[in-house]
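Asker: Structure for this input, please:
(one chain, ligands or ions: 2)
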Amino acid sequence: MVVQDTDAIIVVDVQNDFCPGGALPVTDGHLVVAAINHIIPKFHRAVYSRDWHPRDHCSFHEPPDYRDGSWPEHCVEDSPGAEFHGDLIVPMDALVVSKGMNRDKEAYSAFDGEPDLVEKLQGWGIQRLFVTGLATDYCVRATALDALGHGFDTYLVADGCRGVARETEEAAIEEMRAAGVHMVRSGDFE
Ligand code: VGL
Ligand code: ZN
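Answerer: Ligands and ions are numbered 1, 2, ... in the order given. Below is the predicted model:
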C-alpha cells in the first residue's frame, strides 16, 4: 500500500475518555495510537474528529444503558477527557472536526461534525479515504459508511481501531466489509 496525493486519513475520536482511565473506556483503546502514529506521516491530508459534547448532551444518562445509545458523561467540551490522547501525533496542518456539539442530537460520524467535509475533501482531490480510531462499532463505523456513501474508495485501518464490545465490533466490521469497505493494516503501508 503506497499513499498517494489523492489519499486522506480520518482519525476518529482518539480521545482520553475513550482510553483506559477515561469516562467511556474502550478496551485497549490506547493501543491504536502506535498504529496511527506509524502511518500518519505518510499522508498529505489528515482529518481528526473529536467527540465534543455540551455537559447536558442528550446521550448522557446515569446509569447508562449503552445498548440503547445512552452513555456515561464523556468528552465534555474543553475537559481533559475530551483531549486527544497525549501520545497521538496531530500534524499542525490537520483538519480537526468537532461533533456532537448540539445537545439535542447524537453525531457519530465525522461527516456530521463538518457539513463541508465532503466538499473540502473533494477540493483537495481526495479519492481514497482511510478511516481508523475509536470506536469501531460506533463512530468509526458511521464515518466509514458515510465515506462510502459520499463516493470515496474507503479503507478501514483495522489495527488502528478498537470496539466498545466484541459482538457489536464484529458486526460492524462485517457490515462495513459487506458495504464495500476495504480492510488494511498499518503494517501494509510502505
Ligand atoms: C462514541 C459512543 C458515544 C465513539 C462517541 O466515538 O465511537 N461512542 N460517543
Ligand atoms: Zn459521544
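Asker: which other residues reach the longest helix seen in the chain?
Answerer: Using DSSP state H, we find that the single longest helix of the chain is helix 166-179. By CB atoms under 8 Å, 6 or more residues apart in numbering, the surrounding residues in contact with helix 166-179 are 135-137, 140-141, 144-145, 148, 156, 158, 162-163, 183. Where C-beta positions appear, they are placed from N, C-alpha and C, glycine not excepted.
Asker: C-terminal to it, what's the next element?
Answerer: Counting by DSSP states H and E, the element after helix 166-179 in chain order, helix or strand, is strand 182-184.
Asker: And the helices in the chain?
Answerer: In the chain, the helices defined using DSSP H lie at 32-39, 110-113, 117-123, 141-149, 166-179.
Asker: Skipping adjacent residues, who's closest to L121 in space?
Answerer: In space, and not counting its chain neighbours, L121 is closest to A8: 6.1 Å by CB to CB, 6 or more residues apart in numbering.
Asker: Might one say that the one you found is in contact with I126?
Answerer: Yes: A8 is within contact range of I126, at 4.5 Å (criterion: CB atoms under 8 Å).
Asker: overlap in contacts of the two?
Answerer: Residues within reach of A8 and of I126 at once, by CB under 8 Å, 6+ apart, are R45.
Asker: Excluding chain neighbours, give the residue nearest to G180 in space.
Answerer: Using CB to CB, 6+ apart and skipping residues adjacent in sequence, the residue nearest G180 is L148, 5.8 Å away.
Asker: Just the pLDDT for that neighbour.
Answerer: You'll see L148 listed with a pLDDT of 98.
Asker: which residues touch it?
Answerer: The neighbours of L148, taking CB under 8 Å, 6+ apart as the test, are 154, 179-181.
Asker: neighbour-wise, which of those leads?
Answerer: Most neighbours among these, by other CB atoms under 10 Å: T154, with 23 neighbours.
Asker: Please name the nearest non-neighbouring residue to L134.
Answerer: Leaving aside its chain neighbours, L134 sits nearest to F18 (4.3 Å; criterion: CB to CB, 6+ apart).
Asker: isn't that neighbour right up against L24?
Answerer: Yes: counting by CB under 8 Å, F18 touches L24, with 6.0 Å between them.
Asker: These two: which is more packed in?
Answerer: Neighbour totals were compared for F18 and L24, and F18 leads with 28 against 22 (other CB under 10 Å).
Asker: So what touches stretch 67-78?
Answerer: So stretch 67-78 is contacted by 13, 15, 17-18, 22-24, 50-55, 57, 59-62, 64, 81-82, 98, 100-101, 106 (CB under 8 Å, 6+ apart).
Asker: Who is K99 paired with across the strands?
Answerer: D51 (DSSP bridges).
Asker: Get me the contact residues on the protein for ligand 1.
Answerer: Within the chain, the positions adjacent to ligand 1 are 13, 18, 51, 71, 134-135, 138-139 by CB under 6 Å from any ligand atom.
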